[in-house]
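> what follows is a predicted structure for the sequence shown.
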Amino acid sequence: MKRFLLLSILLLLTTHAQAQVVIQLTKIPEQTPKGAVLYAAGSFNSWSAADPAYAFTRTADEGYKLTLPASIAGSVEFKITKGSWATVETDAHHQDIANRQLTIGSKPAIVELQVAGWKDAGQNSGLAACRSTALQPQVQILDTAFQMPQLQRQRRIWIYLPNDYNTAAKKHYPVLYMHDGQNVFDACTSFSGEWGVDETLSQLQQQGLDAAGCIVVAVDNGGAERLNELSPWRNTEYGGGQGKQYIDFLVHTLKPYIDVHYRTLTGREFTGIAGSSMGGLISTYAALKYPLVYSKVGVFSPAFWFAKDSLFQYVGQNPANTATRFYFVSGTTESETMAPLMQTMYTTLRQQRVPTQNLAYAALQDGKHAEWFWKREFLAAYQMLYKEGQEPTALACSIHTGLAADKLQVDLPVGVRTAQLEIVDSTGRSRLRIKVKSGSEVSVGQLAQGEYVLRVSASKQSSTQLFDKE
């Protein structure tokens with residue numbers, strides 16, 4: 001018996017050892033700072049750019065070595081970074097490269113790699129400065145340090161304005177909020193290529209396929225705080241837990257600012273949210289937590305695995321608004337759980353009676369956890385979520401606080417002379433009911449601070465939104 005146990009233990013240890021894979025960097029750029037800490041960021045650690053568990057160690061010959069955990073098996077994708085996506089590896093000309101791919105089997109292996117360049121070296125070099133690919137003048141930096149009071153941080157915010165924004169002075173637009181803003185518009189700030197959202201939407205308008213247009217607001221990720229901010233639930237290994245505060249920032253700080261300073265359609269019927277990987281997780285959560293804010297949800301390669309038990313418990317306790325549209329897309333081989341968990345979410349929403357016309361699901365064989373894949377699939381997602389005429393009962397109006405917080409500014413669509421405005425408190429009690437005209441200012445100074453539901457209707461059309469009374 002003792003001999004059997006000893007043999008079993010030796011077999012387990014041997015099997016464990018066979019799974020060890022060592023990555024050795026045999027060459028790195030000469031301009032790499034002495035003492036720089038290098039990391040592997042990939043599908044095995046939710047693409048965390050500075051994960052201490054995946055930091056390379058210096059070797060005696062001044063090389064770099066990383067032993068991957070024995071638990072990792074199968075096909076993985078990754079890149080080498082200096083601790084952020086702004087310092088990710090590139091080719092020798094400082095251009096983005098595809099994700100590295102590695103298949104880990106049952107035997108030990110040493111994988112030798114070379115790093116040709118760093119992204120920040122290209123941006124800081126007069127010889128190979130990166131040229132912005134953001135469409136001008138439609139893409140603007142709203143602020144390089146926008147205050148996030150819920151998280152006590154600052155963040156760069158981007159905004160895309162439709163082609164006709166400056167010429168159609170009375171026109172209001174739907175809005176799409178996106179995460180990982182570095183990757184949405186500009187190849188120079190992305191870590192592996194951009195989504196090209198600006199070019200896609202601009203071309204749709206030019207071709208006459210999107211007369212309504214759409215404003216896109218993109219929020220940069222927080223680098224080292226990305227995993228923390230993009231999940232409301234903690235993962236014991238990777239972090240998380242600040243997602244509620246992050247979404248509260250979007251809803252209670254950023255959206256009110258955008259609605260005041262830009263010509264937006266403020267109702268839930270015209271407001272969407274989208275993101276990839278962890279951005280897909282937090283977008284799904286946002287739609288469940290704030291059904292009066294978001295009605296369109298783009299979910300690309302969602303990292304549901306990060307908090308799957310908490311997520312599915314939450315969706316069970318907070319059913320989706322059946323009028324919310326969801327677009328799910330991923331590759332079939334991105335990970336073992338990616339497509340199955342996405343399918344489970346789709347099935348759950350169907351069981352909650354979200355109609356099939358409000359749901360789209362695509363698991364594609366060639367799909368990868370990569371910006372090029374999400375760029376390719378964005379057009380189909382946008383057209384499903386924002387298709388013109390799909391919500392004929394939605395009143396295309398704008399209701400927001402003006403520069404004075406105790407007054408609401410009303411803008412009704414052309415042809416609508418008057419509408420009924422109602423404000424309802426958290427108990428369902430109507431606190432204000434009044435007829436309004438376009439251009440009206442409605443005093444709300446008598447209302448106590450808090451959240452209210454604002455409804456506006458005219459004829460057979462209506463719009464609903466969350467209203468924060470400060």
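Received the coordinates, thanks.

> helices of the protein, start to end?
For the chain, the helices defined by DSSP state H occupy 2-18, 119-123, 197-206, 226-229, 243-249, 255-261, 278-289, 308-317, 338-351, 371-385.

> out of those, which is closest to V76?
Counting by CB to CB, V76 lies closest to helix 338-351 out of the helices of the chain; the figure is 13.0 Å. Yep, even glycine has a C-beta here, placed from its N, CA and C like the rest.

> could you chop the protein up by domain?
19-123, 139-385, 398-469 (automatic domain parsing).

> still on that earlier bit, in a markdown table: the helices of the chain, plus distance to I423 and mean neighbour count.
Output for these, formatted as a markdown table (distance: least, CB to CB, whole Å; neighbours: other CB atoms under 10 Å):
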| stretch | distance to I423 | mean neighbour count |
| --- | --- | --- |
| helix 2-18 | 63 | 10 |
| helix 119-123 | 49 | 19 |
| helix 197-206 | 33 | 19 |
| helix 226-229 | 31 | 24 |
| helix 243-249 | 21 | 21 |
| helix 255-261 | 16 | 18 |
| helix 278-289 | 21 | 26 |
| helix 308-317 | 27 | 15 |
| helix 338-351 | 30 | 18 |
| helix 371-385 | 28 | 20 |
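
> out of these, which comes closest to W158?
Closest to W158 of the helices of the chain, according to CB to CB: helix 197-206, at 9.3 Å.

> now what about the closest one, what contacts it?
134-135, 138-139, 160, 162-164, 178, 184-185, 210-211, 213-214, 216, 218, 378-379, 382 (CB atoms under 8 Å, 6 or more residues apart in numbering).

> could you do stretch 415-431 as well?
Taking CB under 8 Å, 6+ apart as the rule, stretch 415-431 contacts 395, 397, 399, 408, 410, 412, 432-438, 442, 444, 447, 450-459, 467.

> at 6 Å what do you get?
The contact list for stretch 415-431 (CB atoms under 6 Å, 6 or more residues apart in numbering) reads 412, 432-437, 452-458.

> and that stretch, what's its mean pLDDT?
On average, the pLDDT along stretch 415-431 is 94.

> where in this protein is pLDDT low?
1-19, 60-62, 122-129, 403 (pLDDT under 70).

> how far away is V293 from S202?
26 Å (CB to CB, to the nearest Å).

> separation between the closest residue to T90 other than its chain neighbours and C188?
Nearest residue to T90, sequence neighbours excluded (CB to CB, 6 or more residues apart in numbering): G117, at 4.3 Å. Look at G117 and C188: by CB to CB, they are 14 Å apart.

> switch the helices of the chain over to JSON lines; also include distance to G428.
Shown next, in JSON lines, are those (distance: least, CB to CB, whole Å):
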{"stretch": "helix 2-18", "distance to G428": "59"}
{"stretch": "helix 119-123", "distance to G428": "52"}
{"stretch": "helix 197-206", "distance to G428": "38"}
{"stretch": "helix 226-229", "distance to G428": "33"}
{"stretch": "helix 243-249", "distance to G428": "23"}
{"stretch": "helix 255-261", "distance to G428": "23"}
{"stretch": "helix 278-289", "distance to G428": "19"}
{"stretch": "helix 308-317", "distance to G428": "20"}
{"stretch": "helix 338-351", "distance to G428": "25"}
{"stretch": "helix 371-385", "distance to G428": "30"}
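
> please identify which of the ones you listed is closest to D51.
helix 226-229 (8.9 Å).

> ok, back up a step: looking at G117 and C188, which is more packed in?
Using other CB atoms under 10 Å, the more surrounded residue of G117 and C188 is G117, with 22 against 19.

> wait, doesn't the more buried one sit right on T87?
No: with contacts counted by CB atoms under 6 Å, G117 stays clear of T87, the gap being 10.7 Å.

> gap between P149 and D248?
9 Å.

> can you check E237 too?
E237 is 25 Å from D248, by CB to CB.

> one more: V139?
Distance from V139 to D248, by CB to CB: 26 Å.

> check V424 too.
Applying CB to CB to V424 and D248 gives a distance of 21 Å.

> beta partners of F326?
Beta-bridge partners recorded for F326 (DSSP bridges): V297, L359.

> cool, T401 as well?
Beta-bridge partners, per DSSP bridges, of T401: L408.

> that one: how many residues sit nearby?
T401 has 18 nearby residues by other CB under 10 Å.

> how many neighbouring residues does G74 have?
G74, neighbours per other CB under 10 Å, totals 13.

> now do the end-to-end distance for stretch 175-191.
Start to finish, the residues bounding stretch 175-191 are 25 Å apart (CA to CA, to the nearest Å).

> contacts for that stretch?
Residues contacting stretch 175-191 (CB under 6 Å, 6+ apart): 85, 88, 130, 132-134, 139, 158, 194-195, 197-198, 214-221, 250, 264, 271-275, 279, 371.
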